[in-house]
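*Asks:* sequence first, then the predicted structure:
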Amino acid sequence: MKVEFKVGLLALLSVILVIVFAYIMGLMNLFTDSISLNVMYNYAGGIEEGSPVRVMGIKVGKVRKISFNPTFQMPDTKEEVKLKIEISVDRKAWETVRKDSRFFINLAGVIGEKFLEISPGSTGAPAFSPNDFVRGEDPPRIDQLISQSYGLAGKIIDIVTKNEGSVTNVLGQLDKLVNNFNKTLVLLDRTTKNKDIARLLENAIKISDDLVYLTGQLRSKRAEDTYDLVQKLIFRLEPLDGPMIRKFLQEEGVKARVKIF
Amino acid sequence: MAISLAAPPSPWRKVFRIKETIEQLFFVANESLLIIVFCVSFAAVVTILESSFHMRLVIQNDSMVPGFAALLILRELGAVVTALLLTSRVGAGIAAEVGTMKVTEQIDALRMLGIEPVRFLLMPRLIASILGTMILVVIANMVCIGCAILVSDAYLGFSPTMFVTSMRRFVGFQDLIFSMIKGACFGAIIPIVSCFFGFRCKAGADGVGQATTQSVVVSSVGIIVVDFILSYTFSHFY
C-alpha cells in the first residue's frame, strides 16, 4: 500500500469522525423529519439555540434560531411581540400540537437546563401550518420577582419602623393572650380530671339518656291512645260545673279533690 | 508531452515539496497513531474515574461526570497529551535528523547547491506536523470519548445514551474546533523548535544528543505555555 493512500485514509478517518461528532452534537440532522414553527415571546428567560423542545416531557425537536423582530405584531391580536424563536417539531409529535397548545419555557435538571415545553392541544382544535406564528407564554422574570420582594420587604420594614410602639404593644398583648389561653387550657385539663366534675358529667349523661327514652315513649302508639283518652275525658267534663264534676269522678271511681275556680 | 516532462517543477511544488510532505505526514500521523491511541485511552479512563471520585467526594453526586469529563477531554486532554507524545517521538526525530545533517555537513552541501536549507527542511515538516497533529487530535479526542463511554457504562452506570445526553449539555461543536486549532499550534511548535535546535547542533554525537534533549524539553514547555494562552483566549468565546 502506498504511503499517500495510508495518509489519505487517516485524513479521511478524521474527517468522518468530525462529521460523526457534529451529528452527535445535533449540528447535523440528516435523518430527521421535522416541521418548523415560530414561537413569539417578549421575554425568553435564557433559552438558547439548540435547547430541546418537548411535548408532554418528551424531546421532539429543538430551538433552531432566535432572532429579534422589533416591528412584529401578532396577526390576530395585533400585540407587539419582538422575539422570534424558530423551533422544529418532529412529524411524529406534530399531530399533538394544536392551535390551543401553549408554549412554555421551563427549567429542568440539576444544572438548570432551559427547554421549550408544548402542552398538547385538544383534538378538536385546528392544526398549525408549517412556519405559523404562535404566541408563547412568557416565563416569570426572576429579577422582577426579586425586585418586587425587595419592595415588599422595604414596605414591611417601613410599616414596622413607623409603628414601632404599636407593633410592640400588639406583640406584647398577643404574648399575654397566648399565655392566658395556655393557662385556660391547663385549668380545663385539671377540671376534667376532678372527681365531682366527673360524677356530674356522668349524671348528666344518664339524664340525657333518660330524656331520650322518655321522648321516645311519648312518641309511641300507647302514648297517642292516652292523649285521646284524656282529650275525650276533658270533652265530657267541659259542660259540667264543680259539684257535677265531683259526682262524675265519684261515679268513675276517681277519688280526687277538684278545686273549681 | 516531451516539453511538459522536461519543464521544471512549479515554484509551488518547489516550496511545499509535496512528496516529502506526505512522507513526513506518514511519519508524524500514521506511525504515531498506535501509541497515541493507546496512551489517550488510559488517560480517558483515569479522567472519568477521577472525575467521578472527586464529584462524589465533593458534591456526593456524579451525575455530571460524563459532561465534565467530555469537556475536559475536548478542551485539554486530547490535544495536550497528543502533542506531548508527538514531541517526544517526532520532535526528537526531527532534531536528531537535522542535527546529524548539520554534523555531517549535509546542510552546508545544500547551501552549496543553492538550496535554502531552512525552507527545504523545515517547510515539509512544518506542514506535515500541523496537519498530522490536527488529524491525531481529532482521532485522540474521539478515542478518549469512546473509552470514557465504555468505562462509565461498565463502572459508573451511565449508559452511552445517558453519557451523550449529559455531554451535549456541556460540550459544543466549537470545542472540537478549538481542540483542532490547539493541535495545529502545537503541531507548528514541534518542528520549529526541533529544527532550530537541529540547525544549532554542535559537532559530534554528544551535540546531536544535546540538541534532541533540548528540543524535546523546549517543545514541551512551549506546548504547555501555548496551551495556557489558547485556553485563556478560547474561554472568551463561551
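*Replies:* Yep, it's here. Just so you know, these numbers come straight off a predicted model, no measurement behind them.
*Asks:* going by C-alpha atoms from here, please, whenever you check contacts or count neighbours.
*Replies:* OK.
*Asks:* the residue in the stretch 151-261 of chain A positioned nearest to chain B - how many residues pack around it?
*Replies:* Nearest residue of the stretch 151-261 of chain A to chain B: residue A:153, at 33.3 Å (Cα to the nearest Cα). A total of 12 residues lie near residue A:153 under the criterion other Cα atoms under 10 Å in any protein chain shown.
*Asks:* check which helix or strand it maps to.
*Replies:* Per DSSP states H and E: residue A:153 is located in helix A:142-162.
*Asks:* and that helix, what does it pack against?
*Replies:* If you count contacts as 3 or more Cα pairs under 8 Å, 6 or more residues apart in numbering or on different chains; DSSP states H and E, helix A:142-162 packs onto no helix or strand.
*Asks:* any idea how far residue A:103 is from chain B?
*Replies:* Distance from residue A:103 to chain B, counting by Cα to the nearest Cα, to the nearest Å: 22 Å.
*Asks:* quick check: pLDDT value at that residue.
*Replies:* At residue A:103, the model reports a pLDDT of 91.
*Asks:* and the helix or strand hosting residue B:39, average pLDDT?
*Replies:* If you go by DSSP H and E, residue B:39 is part of helix B:31-59. The pLDDT scores in helix B:31-59 average 91.
*Asks:* try stretch A:10-25
*Replies:* The average pLDDT within stretch A:10-25 is 90.
*Asks:* with stretch A:148-155 instead?
*Replies:* Per-residue scores along stretch A:148-155 average to 90.
*Asks:* check stretch A:177-191 too.
*Replies:* 89.
*Asks:* longest helix anywhere in chain A?
*Replies:* helix A:164-192 (DSSP state H).
*Asks:* what angle sits between that helix and helix A:142-162?
*Replies:* In terms of direction (axes from the mean of the first three to the mean of the last three Cα atoms, to 10 degrees), helix A:164-192 departs from helix A:142-162 by 90 degrees.
*Asks:* buried sites along helix A:164-192?
*Replies:* If you call a residue buried by 16 or more other Cα atoms under 10 Å in any protein chain shown, then helix A:164-192 has no buried ones at all.
*Asks:* thinking again about what came up before, can you name every helix or strand that the next helix or strand after the helix holding residue B:39 contacts?
*Replies:* For helix B:31-59, the succeeding helix or strand toward the C-terminus, using DSSP H and E, is helix B:65-72. Contact partners of helix B:65-72 among helices and strands, from 3+ Cα pairs under 8 Å, 6+ apart: helix B:31-59, helix B:117-151, helix B:160-170.
*Asks:* wait, is residue A:62 part of a strand?
*Replies:* Yes: Residue A:62: assigned to a strand according to DSSP: H, G, I helix; E, B strand; the rest coil.
*Asks:* residue contacts, it?
*Replies:* A:49, A:50, A:51, A:52, A:53, A:87, A:88, A:89 (Cα atoms under 8 Å, 6 or more residues apart in numbering or on different chains).
*Asks:* try residue B:129
*Replies:* By Cα under 8 Å, 6+ apart, the contact list for residue B:129 reads B:24, B:25, B:28, B:184, B:187, B:188, B:190, B:191.
*Asks:* and it, how far from chain A?
*Replies:* To chain A, residue B:129 is 13 Å away according to Cα to the nearest Cα.
*Asks:* report pLDDT for residue B:101.
*Replies:* Per-residue pLDDT puts residue B:101 at 91.
*Asks:* tell me which element it is part of?
*Replies:* Going by DSSP H and E, residue B:101 is in helix B:92-103.
*Asks:* following that helix, which helix or strand comes up?
*Replies:* That would be, after helix B:92-103 and using DSSP H and E, helix B:106-112.
*Asks:* average pLDDT for that following helix?
*Replies:* Per-residue scores along helix B:106-112 average to 89.
*Asks:* please apply the same query to stretch A:236-243.
*Replies:* Per-region confidence: stretch A:236-243 scores 78 on mean pLDDT.
*Asks:* could you pull up the residues touching residue 125?
*Replies:* All of this refers to chain A. Residues in contact with residue A:125 (Cα under 8 Å, 6+ apart) are A:98, A:99, A:100.
*Asks:* wait, chain B was what I had in mind.
*Replies:* Going by Cα under 8 Å, 6+ apart, residue B:125 touches B:21, B:24, B:25, B:191.
*Asks:* next, count neighbours for the closest residue to the last one other than its chain neighbours.
*Replies:* This points to residue B:191. Sequence neighbours aside, residue B:126 is the residue nearest to residue B:191 in space, at 5.6 Å (criterion: Cα to Cα, 6 or more residues apart in numbering or on different chains). Number of residues near residue B:126 (other Cα under 10 Å) recorded here: 24.
*Asks:* repeat that for residue B:203.
*Replies:* 14.
*Asks:* report pLDDT for it.
*Replies:* Confidence score, pLDDT, at residue B:203: 84.
*Asks:* list phi and psi for it.
*Replies:* Phi and psi for residue B:203, reported as degrees, to the nearest 10, are phi -70, psi 150.
*Asks:* hang on, the earlier thing: mind putting the contacts of residue A:62 into JSON lines with pLDDT?
*Replies:* What follows is the contacts of residue A:62, written out as JSON lines (pLDDT from 0 to 100):
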{"residue": "A:49", "pLDDT": "81"}
{"residue": "A:50", "pLDDT": "79"}
{"residue": "A:51", "pLDDT": "84"}
{"residue": "A:52", "pLDDT": "86"}
{"residue": "A:53", "pLDDT": "89"}
{"residue": "A:87", "pLDDT": "91"}
{"residue": "A:88", "pLDDT": "89"}
{"residue": "A:89", "pLDDT": "89"}
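*Asks:* may I see those residues arranged in TSV, with distance to residue B:62, secondary structure and neighbour count as well?
*Replies:* Listed next are the contacts of residue A:62 as TSV, based on distance: Cα to Cα, whole Å; DSSP: H, G, I helix; E, B strand; the rest coil; neighbours: other Cα atoms under 10 Å in any protein chain shown:
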residue	distance to residue B:62	secondary structure	neighbour count
A:49	27	coil	13
A:50	25	coil	19
A:51	23	coil	18
A:52	23	strand	22
A:53	26	strand	25
A:87	32	strand	24
A:88	32	strand	23
A:89	32	strand	24
